[in-house]
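**Student:** Provided below are the primary sequence and the corresponding predicted coordinates.
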Amino acid sequence: MPFVSPESPTDPASHLLSNGRDDAPIALAVSTAPTSRHDFALLWVAATSGSLASWVMKLALPLIAVQLTRSPLLVAGVSFALMAPWLAFGLQAGALVDRLDRRRLLLGATILRLVTLGALAATLPFGLTGMPALTALYVTALMLGATETFTDTAVTALTPTLVAPDRLERANAWLIGAQQVVEIAGSPLGGAVAAVGLALAVGLGGAGYVVALVALLALRGSYRPARPASRHIAVEIADGMRFLWGHTPLRTLGIMAAVINASWTAWLAVFVLYAVAPGPLRLTSFQYGLLLTGSGVGGIVGVLLVTRVQRWLGRRWAIGLNIVGNALMIAAPAFTTNPWLVGAAIILGGAVSPLWTIAALSMQQRIVPEALQGRVSAAYRLLGFGAEAIGPILGGVVAQLFGAPVVFWGGGALTLAMLIPFLLVITNAAMG
């Protein structure tokens, strides 16, 4: 995809850039933001501390729900509430990321997260149980999910602004690697937090968001993309969707991600009931969190190996290995109740996860013009994260009607089927 740089770093002139189809050019402005060698480090600190806080809350909220109800559908509803905002706000978030200062958006989302946890803390003295307590969990999950639509998209759009194109894989490896460390630390931490109670989860989550807020306040400069003119937000959203849909490899990756993510979140929403006693694996909440730590451990291995995998097999097979590894992880509980074997499959699934993420994200950041980064990222994430929102509900319904093993082997089969479009469309040339 051609990209025309501005003539002067202080003169963000408009340029004619392809929107993914040769017959439909659109005028977009390219912005430049003043940066220093410390700026990406500050963004990394903000993203990592915010991820740790969110991961602890995401793990703790469903585990606390299990203590309130054994209904698969009601427990899955917490996971649905965490992901549903991507369906409702994902595209709008992308348009706003391309309209507004991306640093200020991150600041606003972080402050809103702190307000949300403060409101949840205010309910604790009332000792809510049953549906009132579940409702409080749902509302908290919805607010955390809504802010995530802005933070994830803004971080993705900010990264190529702060990092040279030839260093994107390395920068994304730092971001993804930190997320894997977060999973290692956050999984047992989330399990322990859930065992103690909601108050500790709120406190730890709040502490993480405070660290993110301080790092964002230290990040200086303006990060608002220059634009030739204001247009209706629906038109700007359509530009991002048109670019994605007109680029066959990106579109195919988005659809594949949707199927795999839906299968994974269906697995995760049901697996908590299957794993925690009196489920077949008969684990405690802490042991469950420890089991999920395997995903983070595997993820660290994947981050360390991603460069070698791309050098040995090419960028495309970083994605192909992800498909096979995820299929095995999702299907494993259907064939064994041995926690060691299930844990091994989770480690494998974690190891292949960053292979896809780093390869696909770097490809997207190289191909998409800077002024479209937020909208194209949001459109891509709508497919993947929107499916993640639907997955827990589908998993909960299927588990309620037919049992959890059907969710596991069915999700594994659907994931493995993504090898077909991968082999047909995702070539080394398409990866850039």
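**Tutor:** It's in.
**Student:** and the longest helix belonging to the chain, how far from the chain's centre?
**Tutor:** Using DSSP state H to define each element, the chain has its longest helix at helix 130-162. Centroid separation for helix 130-162 versus its chain: 10 Å, with CA atoms, centre = their mean, to the nearest Å.
**Student:** List the buried residues in that helix.
**Tutor:** Within helix 130-162, the residues scored as buried using 16 or more other CB atoms under 10 Å are 133-134, 136-138, 140-162. C-beta coordinates here come from the backbone N, C-alpha and C atoms, glycine included.
**Student:** Stretch 204-211 too?
**Tutor:** L204, G205, G206, G208, Y209, V211.
**Student:** give the contact list for R167.
**Tutor:** Contacts for R167 were tallied using CB atoms under 8 Å, 6 or more residues apart in numbering; there are none.
**Student:** T159 touches A173, doesn't it?
**Tutor:** No. With contact defined as CB atoms under 8 Å, T159 does not reach A173; the gap is 11.4 Å.
**Student:** just the helices in the stretch 201-350 of the chain please.
**Tutor:** With DSSP state H, counting those that start in this stretch, the ranges of helices along the stretch 201-350 of the chain come out as 233-246, 248-275, 285-313, 315-335, 339-367.
**Student:** Could I get the phi/psi values of R224?
**Tutor:** phi -100, psi 120 (degrees, to the nearest 10).
**Student:** so how far is T161 from it?
**Tutor:** For R224, the distance to T161 (CB to CB, to the nearest Å) stands at 11 Å.
**Student:** in the protein, what spans have low per-residue confidence?
**Tutor:** Scanning the chain for pLDDT under 70 picks out 1-37, 125-129, 183-192, 194-195, 227-230, 432.
**Student:** Which residues are in contact with E169?
**Tutor:** Contacts of E169 (CB under 8 Å, 6+ apart): V306, T307, Q310, I358, S362.
**Student:** ok, now with 6 Å
**Tutor:** E169 is in contact with S362, counting by CB atoms under 6 Å, 6 or more residues apart in numbering.
**Student:** Repeat that for R316.
**Tutor:** By CB under 6 Å, 6+ apart, the residues touching R316 are I426, N428, M431.
**Student:** next one: phi and psi at the first one?
**Tutor:** What that stands for is I426. Backbone torsions of I426, given as degrees, to the nearest 10, read phi -90, psi 90.
**Student:** who wins for most neighbours among the contacts of R316?
**Tutor:** Neighbour counts for the contacts of R316 (other CB atoms under 10 Å) peak at I426, which has 24 neighbours.
**Student:** Burial check on V342, number of neighbours?
**Tutor:** Per other CB under 10 Å, the neighbour tally for V342 reads 23.
**Student:** wait, I meant L401
**Tutor:** Neighbours around L401, by other CB under 10 Å: 9.
**Student:** separation between it and A387?
**Tutor:** Noted for L401: a distance of 20 Å to A387, by CB to CB.
**Student:** How about G240?
**Tutor:** Counting by CB to CB, the gap from G240 to A387 is 18 Å.
**Student:** Same question for N428.
**Tutor:** 26 Å.
**Student:** now D39
**Tutor:** For D39, the distance to A387 - CB to CB - is 33 Å.
**Student:** who has more neighbours, the two?
**Tutor:** More crowded of D39 and A387, by other CB under 10 Å: A387, with 25 against 21.
**Student:** so how far is stretch 417-426 from its chain's centroid?
**Tutor:** When distances are taken as CA atoms, centre = their mean, stretch 417-426 is centred 22 Å away from the chain's centroid.
**Student:** In it, which residues are buried?
**Tutor:** Quick answer for stretch 417-426 (16+ other CB under 10 Å): A417, M418, F422, V425, I426.
**Student:** Also stretch 86-98?
**Tutor:** By 16+ other CB under 10 Å, the buried positions in stretch 86-98 come out as W86, L87, F89, G90, L91, Q92, A93, G94, A95, L96, V97, D98.
**Student:** Which ones among those residues map onto helices?
**Tutor:** W86, L87, F89, G90, L91, Q92, A93, G94, A95, L96, V97, D98.
**Student:** what does stretch 113-121 rub up against?
**Tutor:** With contacts defined as CB under 6 Å, 6+ apart, stretch 113-121 is touched by T140, M143, T147, V202, G205, G206, Y209.
**Student:** Kindly indicate which of these lies nearest W245.
**Tutor:** Using CB to CB, T147 comes nearest to W245 of the contacts of stretch 113-121, at 27.2 Å.
**Student:** which two from the buried residues of stretch 86-98 end up farthest apart in space?
**Tutor:** Farthest pair in these, by CB to CB: L87 and D98, 19.8 Å.
**Student:** Report how many residues lie close to the spatially closest residue to W409 that is not a sequence neighbour.
**Tutor:** Of all residues not flanking W409 in the chain, A334 sits nearest, at 3.9 Å (CB to CB, 6 or more residues apart in numbering). Counted with other CB under 10 Å, the neighbours of A334 add up to 20.
**Student:** hang on, isn't A334 packed against P405?
**Tutor:** Yes. With contacts counted by CB atoms under 6 Å, A334 reaches P405, the gap being 4.4 Å.
**Student:** on that earlier part again, what's the most distant pair in the contacts of stretch 113-121?
**Tutor:** T147 and V202 (15.5 Å).
**Student:** quick revisit: adding distance to V78, write the buried residues of stretch 204-211 out as a markdown table.
**Tutor:** What follows is the buried residues of stretch 204-211, written out as a markdown table (distance: CB to CB, whole Å):
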| residue | distance to V78 |
| --- | --- |
| L204 | 18 |
| G205 | 15 |
| G206 | 19 |
| G208 | 19 |
| Y209 | 19 |
| V211 | 25 |
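**Student:** List just the nearest of those residues to L291.
**Tutor:** Of the buried residues of stretch 204-211, the one sitting nearest to L291 (CB to CB) turns out to be L204, at 20.0 Å.
**Student:** Now do that closest one against A212, distance only.
**Tutor:** For L204 relative to A212 (CB to CB), the value is 13 Å.
**Student:** about what we covered before: got CSV for the buried residues of stretch 86-98, with distance to A53 too?
**Tutor:** Listed next are the buried residues of stretch 86-98 as CSV, based on distance: CB to CB, whole Å:
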residue, distance to A53
W86, 19
L87, 23
F89, 20
G90, 21
L91, 25
Q92, 24
A93, 19
G94, 23
A95, 26
L96, 22
V97, 21
D98, 26
